[in-house]
Structure formats: structure tokens, C-alpha cells
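Chemist: Just to be clear, the model below is a prediction. Sequence and coordinates:
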Amino acid sequence: MTLEAAFFDRPVLEVAPDLIGCVVVHGPTSGIIVEVEAYHHSEPACHGYVGVTPRTSTLYGPPGVAYVYRSYGIHACMNAVCEREGVGAAVLIRALEPLDGVGLMRERRGAVRDEDLCSGPGKLTQALGIGLDLNGTSLLGDGPIRLDARPADRPAPTVLTGTRIGITKAAELPWRFCAADSPHVSRPRLRAA
DNA sequence: TAAACGATGCCCT
DNA sequence: GGGCATCGTTTAC
């Protein structure tokens, strides 16, 4: 079942852990979310900290929309915009467990272990074919990318909490969430608390 | 117009 | 587990 706007129109720290176990679908490829990070305009690690700019306008738009930005000049990273329009909050999708279209993912990603097909924010956008052109598109079922609730046949994951990765500002905030015991999370593993 | 800076990934030890 | 390539966007003159 596709997630609705009301799911995203909540505090970003509630939405982020709830996204663990949900499914990202783009074309023939899809994956289970196993790692996310929350970002909010009130803290300096967030792109929206500087306010509304051409780059962050999507972040300040309505919830349930994809915020796709370029990272380190090369990679694309995908977020789901949260909270009320105008707030400036989003959840960064950091890692997936590949579900459908694994052959196509291998084709796009090259020769890597299957655990590494989507084990990072730049990797998963490459594997699913998500580019900057999808910035601002809806995630609610009426756009190219869809976010579905956890499949009924999958057990509810145990969610671990930790600090965000690759940032220098507000690095101490425990705003990273990942599925316990998943081999598909990005590099620095999270210990059980 | 120019310089600095990453919400990273890859290859090497 | 750690260091470095890489280049668009942002911010400062």
C-alpha cells in the first residue's frame, strides 16, 4: 500500500524510524528501506538551515515529495520531504535491501557484492535509476517514485538509533535509524545500544 | 569571478 | 579500517 501525505505530515523524527521496512519503487526496481537519517531546518547539518534557496526550495515544499540533490559533485541522494509545507524537514534514504529488478541494479552498479548494490545514499539512487530530474516529484503514487508501506509478509524490523554519517555540524544528534541485523546498511555499522 | 566545501564511494592497506 | 579523488553549489570577495 502506498504511503499517504498524512504519513509524511508528521514530526520528521517520527517519520524517519517509521520508514524502516517500507519499500521504495522506481520502475522495475525496488528495495526495502534499512537505513535513514532525519534532517530539520533548525539544525546546521540540514541543507535547509540557510533558509529557502533555489537548491532548498523542494525541501520547503509540501510533504510526500522527493528532494533529490547532488552530493560531492557526483552522486545523487534522495530524501522524502516531511512535516507541513514551509517547515523544511526531510528524511534521507541511506540504504536499501534490494527487492525487485536486481539484475538491472547489477547492470547499473557494475560488479559489486549484492549487499553493496544499495548500501549507501549515492549507491541506491544509481541502482534504482533515480536522478536529479526527479527532484520535486511526488512519492504518493502519482509520480515516478513510490513509497509503499511494509509488505504484510515481512516482520516488523527492530530499529536501532545512532548518529548521522558524513557530517561535521550537529554530528552528535542521534538522528540515524537503521534495521538491526541488516547486512545491507551503509559502511559504518551501528552497534546495538 | 574565484575559492571552499561537502548528507560519498572506491580503492588501497 | 582509512585516505583520497571529484566537481557542482554555495558563499565570499
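Modeler: Perfect, thanks for sending it.
Chemist: Which positions within stretch A:8-18 qualify as buried?
Modeler: If you call a residue buried by 16 or more other C-beta atoms under 10 Å, then stretch A:8-18 has these buried ones: A:8-9, A:12-13, A:15-18. For the C-beta atoms, the positions are set from N, CA and C on the backbone; glycine is no exception.
Chemist: how long is stretch A:21-34 from one end to the other?
Modeler: With C-alpha to C-alpha, to the nearest Å applied, stretch A:21-34 spans 6 Å between its terminal residues.
Chemist: before we move on, what about stretch A:9-28?
Modeler: 28 Å.
Chemist: And DNA strand B, is that stretch touching that?
Modeler: No. Interface with DNA strand B: stretch A:9-28 contributes nothing (C-beta under 7 Å from any atom of the strand), its closest point being 10.3 Å away.
Chemist: how close does residue A:46 get to residue A:79?
Modeler: Look at residue A:46 and residue A:79: by C-beta to C-beta, to the nearest Å, they are 10 Å apart.
Chemist: shared neighbours of the two, which are they?
Modeler: Listed as contacting both residue A:46 and residue A:79 by C-beta atoms under 8 Å, 6 or more residues apart in numbering are A:39, A:59.
Chemist: In contact with residue A:23: list those residues for me.
Modeler: Contacts of residue A:23 (C-beta under 8 Å, 6+ apart): A:30-33, A:99, A:147-151.
Chemist: What is the neighbour count of the residue in chain A that DNA strand B sits nearest to?
Modeler: The minimum distance from chain A to DNA strand B, using C-beta to the nearest atom of the strand, falls at residue A:166 (2.0 Å). For residue A:166, the tally of surrounding residues (other C-beta atoms under 10 Å) stands at 15.
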